[in-house]
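*Asks:* any chance you could fold what I've pasted below:
(one chain, ligands or ions: 1)
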Amino acid sequence: MPVFTETAALDVLRRQDPELAEVVLGETARQADCLQLIAAENFCSPAVLAALGSPLANKYAEGYPGARHHGGCELVDVAERIAVERAKALYGAEHVNVQAHSGSSAVLAAYAVLLRPGDTVLAMGLPSGGHLTHGSPANFSGRWFDFVAYGVDPGTGLVDLDEVRALARAHRPKAIVCGSISYPRHLDYAGFRDIADDVGAHLIADAAHPMGLVAGGAAPNPVPYADIVCATTHKVLRGPRGGMLLCGAELADRVDRAVFPFTQGGAQMHTIAAKAVAFGEASTPAFTAYAHQVVANARVLAHTLEAEGFAVTTGGTDTHLVTVDPAPLGGTEGRTARGRLASAGLVLDTCALPHGVGRGLRLGTAAVTTQGMGEAEMARIGVLLSGVVRDALDVRAVREEVRDLAGRFPPYPAG
Ligand SMILES: Cc1ncc(COP(=O)(O)O)c(C=O)c1O
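*Replies:* Modelled structure (predicted):
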């Protein structure tokens with residue numbers, strides 16, 4: 001039995017609200033029973049979940065440690081100070097704001113610091129892997145700022161810094177954003193900094209995806225190069241759902257004011273305590289080994305998928321992310337493939353493709369690596385994925401094999 005079906009807190013929920021308990025238990029079982037290959041997801045530790053489900057959730061705490069608008073903040077102040085100090089040490093940052101409620105909130109705050117409505121911003125276009133906050137017309141960013149998009153090379157899938165520089169020189173943006181929801185390679189932060197300096201722009205690194213790898217020393221750190229780094233705490237980093245901003249001392253006050261009171265209200269102290277726990281976990285040698293295993297697993301997955309006939313964007317990966325075009329496997333489009341894979345218990349997302357035709361599949365190895373899976377399991381998962389997409393394997397048989405595999409690597413093994 002997974003540990004979270006046995007907690008006293010769940011017993012209370014079962015007794016008081018069986019309808020909701022059923023949802024929570026059902027979702028817990030679903031997560032343990034399928035393979036979670038969504039690149040933005042992970043399993044946070046029981047300690048992180050304990051902080052999230054603690055009475056810190058009751059506390060109102062507008063402001064910052066030592067300067068709150070509410071009384072009774074002595075202990076949550078300690079939690080926030082610990083979170084900030086741990087994150088500063090982890091990333092070598094002069095200042096960290098851990099109050100951002102999400103990655104999007106962190107980006108909103110970064111824009112509030114460095115931009116004014118109507119300013120020009122150069123960011124990766126959404127069809128190439130930019131996030132909604134990088135200029136989508138459906139998002140505040142696209143409405144309030146004038147976004148210019150750089151892309152990726154349609155052939156290689158790689159960012160072309162010559163293109164970025166040419167666009168920067170032509171449009172003179174106030175800020176350049178580097179970061180993506182699906183780019184599987186390391187970004188050249190020094191190269192982006194050089195271009196930003198060339199045109200007098202600020203550099204914002206939206207490192208939501210790689211920041212956990214950075215913590216484990218498995219990806220380059222954007223902190224020395226960007227004016228502000230935005231991140232989420234819930235992807236490879238394995239913390240609670242949330243955001244953070246990292247910057248130099250000179251922007252510290254402006255970043256803090258951009259989060260509270262400019263774009264947010266009271267801090268969520270249970271989440272901040274859980275972030276502190278996650279930063280503590282991410283400082284350990286075990287996390288360093290985990291981060292490197294995440295990348296090793298993604299490389300095997302990419303290699304297997306390529307051998308199976310998928311077109312792997314950029315020919316591989318440096319990170320936890322693998323994006324592929326399933327079309328070479330009998331013309332299957334990404335959305336169809338995702339549906340078939342879901343029935344086999346293989347849960348993943350679709351994504352845009354560099355050549356812009358159809359949808360691809362985006363996979364990540366953070367969650368399955370947390371479960372303890374290694375290269376052998378990745379190779380098998382790649383073969384199963386291919387068999388399901390090309391309709392060469394019986395989906396029910398794959399579902400059974402996936403259930404068996406997931407069962408051998410429970411995300412929350414009994415204590
Ligand atoms: C690059 C990037 N920026 C921002 C976000 C937004 O994070 P959230 O969903 O926490 O708002 C994401 C989420 O995946 C992301 O990948």
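*Asks:* give me the pLDDT for residue 1.
*Replies:* Predicted confidence (pLDDT) at residue 1: the value is 41.
*Asks:* try the one 10 residues further on
*Replies:* For residue 11, the model assigns a pLDDT of 88.
*Asks:* ok, residues contacting the helix or strand containing it?
*Replies:* Element membership for residue 11, per DSSP states H and E: helix 8-16. Helix 8-16 has contacts (CB atoms under 8 Å, 6 or more residues apart in numbering) with 4, 20-21, 24-25, 53. Using the backbone N, CA and C atoms, a C-beta is placed for each residue, glycine as well.
*Asks:* cutoff 10 Å now
*Replies:* 4-5, 7, 19-25, 28, 49-50, 53-54 (CB atoms under 10 Å, 6 or more residues apart in numbering).
*Asks:* and the stretch 151-300 of the chain, which residues reach the ligand?
*Replies:* Within reach of the ligand by CB under 6 Å from any ligand atom, the stretch 151-300 of the chain has these residues: 179-181, 206, 208-209, 232, 243.
*Asks:* one more pass at 8 Å, please.
*Replies:* 179-181, 206-209, 230, 232, 234-235, 241-243 (CB under 8 Å from any ligand atom).
*Asks:* what about residue 114, how many neighbours?
*Replies:* Applying other CB atoms under 10 Å, we find 21 residues neighbouring residue 114.
*Asks:* might one say that it is in contact with residue 203?
*Replies:* Yes: taking contacts as CB atoms under 10 Å, residue 114 lies within contact range of residue 203: 9.4 Å.
*Asks:* now do the shared contacts for these two.
*Replies:* Contact criterion CB under 10 Å, 6+ apart; residues shared by residue 114 and residue 203: 175, 227-228.
*Asks:* what's the mean pLDDT across stretch 282-298?
*Replies:* When pLDDT is averaged over stretch 282-298, the result is 98.
*Asks:* mind checking how far the strand or helix carrying residue 272 is from the chain centre?
*Replies:* Counting by DSSP H and E, the element that carries residue 272 is helix 269-282. Centroid separation for helix 269-282 versus its chain: 16 Å, with CA atoms, centre = their mean, to the nearest Å.
*Asks:* quick one: list the elements packing against it.
*Replies:* Under the contact criterion of 3 or more CB pairs under 10 Å, 6 or more residues apart in numbering; DSSP states H and E, helix 269-282 touches helix 46-52, helix 74-91, helix 211-215, strand 243-247, helix 285-307.
*Asks:* let's see it at 8 Å
*Replies:* helix 46-52, helix 74-91, helix 211-215 (3 or more CB pairs under 8 Å, 6 or more residues apart in numbering; DSSP states H and E).
*Asks:* residue 213 versus residue 230, what's the distance?
*Replies:* Between residue 230 and residue 213 the computed distance is 16 Å (CB to CB, to the nearest Å).
*Asks:* check residue 6 too.
*Replies:* 32 Å.
*Asks:* I'm done for today, thanks for sticking with me.
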